[in-house]
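Student: Build the 3D model from these lines:
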Amino acid sequence: MVFSRYLHTVTIAVCAGVMAVHAVAAEGVSAPLVSRVEVVLASHYKNQVATLTEEFAQAGMTNVHFQFVRQGRPPQNIGLGREVPADKAREAIRLALKYNLGVGILLPERLFPPRFVTIASSNYDDTVEFPIDQAALIQLQNPKLTTEEFHRLYRRLTSSRAEPQGRY
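Tutor: Numbering: from 1, shown residues only. This next block holds a predicted model:
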(Lines give C-alpha, C1' and ligand atoms only; values in the text may rest on other atoms or scores of the structure.)
Protein backbone atom coordinates (compact mmCIF):
# COMPACT_ATOMS: atom_id res chain seq x y z
CA MET A 1 0.00 0.00 0.00
CA VAL A 2 2.81 2.44 0.90
CA PHE A 3 4.67 1.48 -2.29
CA SER A 4 1.52 2.15 -4.34
CA ARG A 5 1.15 5.64 -2.85
CA TYR A 6 4.84 6.34 -3.42
CA LEU A 7 4.57 5.22 -7.05
CA HIS A 8 1.46 7.34 -7.53
CA THR A 9 3.18 10.42 -6.05
CA VAL A 10 6.29 9.97 -8.23
CA THR A 11 4.13 9.48 -11.35
CA ILE A 12 2.19 12.67 -10.64
CA ALA A 13 5.41 14.62 -10.02
CA VAL A 14 6.95 13.37 -13.28
CA CYS A 15 3.80 14.27 -15.25
CA ALA A 16 3.72 17.75 -13.71
CA GLY A 17 7.38 18.25 -14.59
CA VAL A 18 6.85 17.15 -18.19
CA MET A 19 3.85 19.47 -18.51
CA ALA A 20 5.90 22.39 -17.15
CA VAL A 21 8.70 21.73 -19.64
CA HIS A 22 6.18 21.71 -22.52
CA ALA A 23 4.61 24.96 -21.27
CA VAL A 24 8.01 26.69 -21.11
CA ALA A 25 8.93 25.35 -24.57
CA ALA A 26 5.62 26.57 -25.99
CA GLU A 27 6.29 30.08 -24.67
CA GLY A 28 9.55 30.20 -26.64
CA VAL A 29 7.81 29.34 -29.92
CA SER A 30 6.08 32.33 -31.42
CA ALA A 31 3.49 32.31 -34.15
CA PRO A 32 4.74 33.55 -37.51
CA LEU A 33 3.94 37.18 -38.28
CA VAL A 34 2.41 36.09 -41.59
CA SER A 35 1.16 32.51 -41.64
CA ARG A 36 0.54 32.12 -45.38
CA VAL A 37 0.77 34.17 -48.54
CA GLU A 38 -1.05 33.20 -51.73
CA VAL A 39 -0.01 34.99 -54.90
CA VAL A 40 -1.36 34.76 -58.44
CA LEU A 41 0.95 36.17 -61.10
CA ALA A 42 1.11 36.53 -64.86
CA SER A 43 2.53 33.49 -66.65
CA HIS A 44 5.78 35.22 -67.60
CA TYR A 45 6.89 34.95 -63.94
CA LYS A 46 6.58 31.16 -64.01
CA ASN A 47 10.33 30.60 -64.46
CA GLN A 48 11.23 32.97 -61.62
CA VAL A 49 9.77 31.10 -58.65
CA ALA A 50 13.12 30.84 -56.82
CA THR A 51 13.74 34.59 -57.15
CA LEU A 52 10.18 35.41 -56.11
CA THR A 53 10.37 33.07 -53.12
CA GLU A 54 13.63 34.69 -52.03
CA GLU A 55 12.22 38.22 -52.34
CA PHE A 56 9.14 37.33 -50.30
CA ALA A 57 11.36 35.63 -47.69
CA GLN A 58 13.50 38.77 -47.43
CA ALA A 59 10.27 40.67 -46.77
CA GLY A 60 9.51 38.29 -43.87
CA MET A 61 6.98 36.08 -45.64
CA THR A 62 8.33 32.54 -45.94
CA ASN A 63 5.20 30.44 -46.46
CA VAL A 64 4.42 31.67 -49.99
CA HIS A 65 2.41 29.76 -52.58
CA PHE A 66 2.42 30.91 -56.19
CA GLN A 67 -0.07 30.28 -58.96
CA PHE A 68 0.17 31.54 -62.50
CA VAL A 69 -2.61 32.54 -64.89
CA ARG A 70 -2.48 30.95 -68.32
CA GLN A 71 -3.47 34.09 -70.19
CA GLY A 72 -4.05 37.71 -69.39
CA ARG A 73 -3.40 39.47 -66.12
CA PRO A 74 -4.55 38.52 -62.65
CA PRO A 75 -6.83 40.94 -60.78
CA GLN A 76 -5.10 43.85 -59.07
CA ASN A 77 -6.38 43.09 -55.58
CA ILE A 78 -4.92 42.40 -52.18
CA GLY A 79 -6.43 40.88 -49.04
CA LEU A 80 -4.94 41.00 -45.55
CA GLY A 81 -5.91 39.23 -42.34
CA ARG A 82 -6.67 41.33 -39.26
CA GLU A 83 -3.40 40.44 -37.46
CA VAL A 84 -0.89 40.99 -40.26
CA PRO A 85 1.65 43.48 -38.87
CA ALA A 86 1.65 46.85 -40.60
CA ASP A 87 5.25 46.48 -41.83
CA LYS A 88 4.44 43.10 -43.44
CA ALA A 89 1.23 44.51 -44.94
CA ARG A 90 3.22 47.37 -46.49
CA GLU A 91 5.70 44.84 -47.88
CA ALA A 92 2.83 42.83 -49.38
CA ILE A 93 1.51 46.01 -51.02
CA ARG A 94 4.99 46.83 -52.33
CA LEU A 95 5.37 43.35 -53.82
CA ALA A 96 1.88 43.51 -55.34
CA LEU A 97 2.75 46.83 -56.95
CA LYS A 98 5.98 45.39 -58.31
CA TYR A 99 4.75 42.04 -59.63
CA ASN A 100 1.08 42.68 -60.30
CA LEU A 101 1.52 46.20 -61.67
CA GLY A 102 -0.78 47.78 -59.15
CA VAL A 103 -3.35 47.48 -56.40
CA GLY A 104 -6.78 48.75 -57.33
CA ILE A 105 -8.98 46.62 -55.08
CA LEU A 106 -8.95 45.75 -51.38
CA LEU A 107 -10.59 42.61 -50.05
CA PRO A 108 -12.02 42.86 -46.50
CA GLU A 109 -9.99 41.29 -43.72
CA ARG A 110 -13.05 39.42 -42.40
CA LEU A 111 -12.68 37.00 -45.33
CA PHE A 112 -9.26 35.76 -44.23
CA PRO A 113 -7.52 34.01 -41.34
CA PRO A 114 -5.77 36.46 -38.98
CA ARG A 115 -2.23 36.37 -40.44
CA PHE A 116 -3.09 35.57 -44.07
CA VAL A 117 -2.15 37.58 -47.17
CA THR A 118 -3.48 37.15 -50.70
CA ILE A 119 -2.31 39.01 -53.77
CA ALA A 120 -4.26 38.92 -57.04
CA SER A 121 -6.82 36.35 -55.99
CA SER A 122 -9.60 35.52 -58.42
CA ASN A 123 -11.59 33.71 -55.72
CA TYR A 124 -13.74 36.75 -54.88
CA ASP A 125 -16.40 38.52 -56.89
CA ASP A 126 -17.16 42.21 -56.99
CA THR A 127 -19.65 41.99 -54.10
CA VAL A 128 -16.66 41.94 -51.72
CA GLU A 129 -14.25 44.08 -53.73
CA PHE A 130 -13.57 47.63 -52.59
CA PRO A 131 -11.90 49.88 -55.17
CA ILE A 132 -9.02 51.94 -53.80
CA ASP A 133 -7.59 55.09 -55.32
CA GLN A 134 -3.95 56.14 -55.34
CA ALA A 135 -4.36 58.56 -52.42
CA ALA A 136 -5.82 55.87 -50.13
CA LEU A 137 -3.11 53.42 -51.20
CA ILE A 138 -0.46 55.97 -50.27
CA GLN A 139 -2.13 56.35 -46.85
CA LEU A 140 -1.88 52.57 -46.30
CA GLN A 141 1.81 52.66 -47.22
CA ASN A 142 2.60 55.30 -44.59
CA PRO A 143 5.45 53.82 -42.49
CA LYS A 144 4.32 55.83 -39.45
CA LEU A 145 1.10 53.80 -39.11
CA THR A 146 1.10 51.30 -36.27
CA THR A 147 -0.49 47.91 -36.89
CA GLU A 148 -3.64 49.03 -35.10
CA GLU A 149 -3.84 52.27 -37.11
CA PHE A 150 -3.14 50.41 -40.35
CA HIS A 151 -5.97 47.94 -39.77
CA ARG A 152 -8.36 50.66 -38.63
CA LEU A 153 -7.74 52.46 -41.95
CA TYR A 154 -7.96 49.18 -43.89
CA ARG A 155 -11.31 48.35 -42.26
CA ARG A 156 -12.60 51.85 -43.00
CA LEU A 157 -11.60 51.48 -46.66
CA THR A 158 -13.35 48.10 -46.90
CA SER A 159 -16.48 48.77 -44.88
CA SER A 160 -18.57 51.04 -47.07
CA ARG A 161 -21.28 49.40 -49.10
CA ALA A 162 -19.82 48.44 -52.45
CA GLU A 163 -22.30 48.16 -55.26
CA PRO A 164 -21.51 45.32 -57.70
CA GLN A 165 -20.14 46.65 -60.94
CA GLY A 166 -19.35 45.21 -64.31
CA ARG A 167 -19.49 41.44 -64.21
CA TYR A 168 -22.96 40.96 -62.68
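Student: from here on, contacts and neighbour counts on C-alpha atoms
Tutor: Noted.
Student: how about the strands in the chain?
Tutor: Under the criterion DSSP state E, the chain contains strands at 36-41, 64-68, 77-80, 105-107, 116-119, 130-131.
Student: Serialize those to JSON lines and add fields for mean neighbour count.
Tutor: Shown next, in JSON lines, are the strands of the chain (neighbours: other CA atoms under 10 Å):
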{"stretch": "strand 36-41", "mean neighbour count": "20"}
{"stretch": "strand 64-68", "mean neighbour count": "15"}
{"stretch": "strand 77-80", "mean neighbour count": "26"}
{"stretch": "strand 105-107", "mean neighbour count": "24"}
{"stretch": "strand 116-119", "mean neighbour count": "24"}
{"stretch": "strand 130-131", "mean neighbour count": "19"}
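Student: got a markdown table for the ones you listed, with distance to residue 54 too?
Tutor: What follows is these, written out as a markdown table (distance: least, CA to CA, whole Å):
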| stretch | distance to residue 54 |
| --- | --- |
| strand 36-41 | 13 |
| strand 64-68 | 10 |
| strand 77-80 | 20 |
| strand 105-107 | 25 |
| strand 116-119 | 17 |
| strand 130-131 | 30 |
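Student: I'd like those as a markdown table, with mean pLDDT and distance to residue 148 appended.
Tutor: Formatted as a markdown table, the strands of the chain follow (pLDDT from 0 to 100; distance: least, CA to CA, whole Å):
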| stretch | mean pLDDT | distance to residue 148 |
| --- | --- | --- |
| strand 36-41 | 96 | 20 |
| strand 64-68 | 96 | 24 |
| strand 77-80 | 97 | 13 |
| strand 105-107 | 96 | 17 |
| strand 116-119 | 97 | 16 |
| strand 130-131 | 95 | 20 |
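Student: Identify whichever of those strands lies nearest to residue 147.
Tutor: strand 77-80 (11.9 Å; CA to CA).
Student: and the closest one, what other elements does it pack with?
Tutor: Here strand 77-80 touches helix 86-99, strand 105-107, strand 116-119, going by 3 or more CA pairs under 8 Å, 6 or more residues apart in numbering; DSSP states H and E.
Student: mind putting these in TSV, distance to residue 33 included?
Tutor: TSV is the format used below for these (distance: least, CA to CA, whole Å):
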stretch	distance to residue 33
helix 86-99	8
strand 105-107	19
strand 116-119	9
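Student: Nearest approach to residue 71 belongs to which of those?
Tutor: helix 86-99 (15.6 Å).
Student: List the buried residues in stretch 131-149.
Tutor: Residues 131, 137, 140, 141, 145, 147 are the ones in stretch 131-149 that count as buried (16 or more other CA atoms under 10 Å).
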